[in-house]
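S.K.: Pasted the sequence and its predicted model underneath.
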Amino acid sequence: MSDATAGASGLIDYEATLDCVHCGLCLPSCPTYQETGRESSSPRGRIYLMRGVAEQRLPLEGLVAEEMQLCLGCRACESACPAGVRYGHLLEGARAEIDARGARGRLRRLSERFLLRNLVGRRGSLRGFVAGLRLYQRSRLQAFMRKSRLLWLLPPLARADALLPRISSPHRPPAVVPALGRRRGRVAFFSGCLMPELFGATNAATVEVLVRNGFEVVVPEKQGCCGALQAHCGDLRGAERLRERNRLAFPSEGIDAIVVNSAGCSASLKECGDSLSGAVRDIAEFLADVGIEPPRGRLELRVAYDDPCHLLHGQRIADAPRALMRQIPGVELVDLPGHSDCCGAAGIYNLTQRRMASRLQDRKIEALRRTRPDVLATGNPGCLMQIAAGVRRARLPVEVLHPIDLLARAYAKESQLDF
Ligand code: SF4
Ligand code: SF4
């Protein structure tokens, strides 16, 4: 064994790498392979590299670590794979191995871990931080910083600033929100970490649509971040701690489902493999299953839908959001070229792999230029931020919304009709 391969912690699931039969059917669906044309940047190539590391033939440092970081974790390869290779699971193991063996920049690893554990993973810190950002936006300091180009002296900050959405007021619902009209059931709402702070209006819309359709909504106070970002970055222990908190926070009985409006979170919670997983439903999946009362309010809009990777590839949900939006009078759903390709958000990928993330963002913007919808709808906060940032940069007249925002708007218009 060479020094470079010494110290393997066995976090790569070697048996699972053997499921790959090297057929290459996944290659055309892989964005990093499409962009680079390199075998090592393809799913097949990456699995080969993981296997080489697990067999202690290849060093983890250098090429292997770089290719694992360049992977989006979008799991388009899983949808394409006829052999059922669990690529997402393999990638998490490989990244955890990289983390455990310190095979990538120490400063980057420590700062990433610190931010994910102490900012994203802690509600109080995140609330305080986003309150500061809200002030930054409302005091017009953001406008000044952008105009003066001072931010470009610190490129990582400029990148983060470009992604910031217009931050709505935080959403802090009561612990129980009663159903409106005839009660059809009771659900728990997983409100997420970033969603209530950055997308408070969307969380409010989610609760409104649920109660409007006869569901009492309970919102457990002690819930927190799902741990997806931590797991994707290789911090499996940090992710497990957050999952344990949610296991304790959510009731295991007396609810029909745990409803989640962020595709990355619902995919992650479903894959925990414990008492929580079986109850988790993405909001679109849940509403399409139980059926909604079609809104009567009209929205005269051309809407293009972009599939979040972790909804389409992670949960195989494609029809439900489209079916819901089709029930809104006046909405015309238009096909967005490349709607099933990753937009480049991929957790914090757009902060850590700027070039590749921008290339994928450019593809979405080009598709929007050709399609010219009024609204781009997508059901994940990372995708909402990444696509909206591209839309702002390209100055396109496109509003970027969650499908549930559109449903809530249509119901709100309906109440105006009733006056
Ligand atoms: S997860 Fe996405 S980027 Fe990574 S190998 Fe699979 S298809 Fe390619
Ligand atoms: S499609 Fe599946 S089996 Fe074929 S090369 Fe890709 S990961 Fe391997």
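M.R.: Perfect, I can see it now. Ligands and ions are numbered 1, 2, ... in the order given.

S.K.: ok but R186 is inside a strand, no?
M.R.: Yes. Secondary structure of R186, determined by DSSP: H, G, I helix; E, B strand; the rest coil: located in a strand.

S.K.: Run through the residues that contact it.
M.R.: With contact set as CB atoms under 8 Å, 6 or more residues apart in numbering, R186 has these partners: 215-218, 254-256. Just so you know, the C-beta spots here come from the backbone N, C-alpha and C atoms, and that holds for glycine as well.

S.K.: Next secondary structure after the longest helix seen in the chain?
M.R.: For the chain, the helix with the greatest residue count under DSSP state H is helix 354-371. Tracing the chain past helix 354-371, the next element assigned as helix or strand by DSSP states H and E is strand 375-377.

S.K.: From the contact counts, what lies against that following strand?
M.R.: Secondary structure elements in contact with strand 375-377, counted by 3 or more CB pairs under 8 Å, 6 or more residues apart in numbering; DSSP states H and E, are strand 301-305, strand 399-401, helix 403-418.

S.K.: ok, back up a step: what does the longest helix of the chain contact?
M.R.: So helix 354-371 is contacted by 31-32, 35, 70, 72, 159, 304, 306, 334-339, 341-346, 349-350, 376, 386-387, 389-391, 393-394, 396, 398 (CB under 8 Å, 6+ apart).

S.K.: And the helices and strands packed on strand 375-377: which comes nearest P295?
M.R.: helix 403-418 (3.6 Å; CB to CB).

S.K.: Now do the closest one and strand 301-305, the angle between them.
M.R.: Put simply, helix 403-418 runs at 160 degrees to strand 301-305, going by axes from the mean of the first three to the mean of the last three CA atoms, to 10 degrees.

S.K.: sorry, back to before: and the contacts of helix 354-371, which of them are buried?
M.R.: In the contacts of helix 354-371, burial by neighbour count holds for 31-32, 70, 72, 159, 304, 306, 336, 339, 341-346, 349-350, 376, 386-387, 389-391, 396, 398, counting by 16 or more other CB atoms under 10 Å.

S.K.: where are the low-confidence patches of this protein?
M.R.: Flagging of the chain using pLDDT under 70 yields the residue ranges 1-9, 417-419.

S.K.: Could you tell me which residues of it lie near ligand 2?
M.R.: Counting by CB under 6 Å from any ligand atom, the residues of the chain lying close to ligand 2 are 20-26, 43-44, 47, 77, 80-81, 83, 85.

S.K.: One more pass at 5 Å, please.
M.R.: Counting by CB under 5 Å from any ligand atom, the residues of the chain lying close to ligand 2 are 20-21, 23, 25-26, 43-44, 81, 83, 85.
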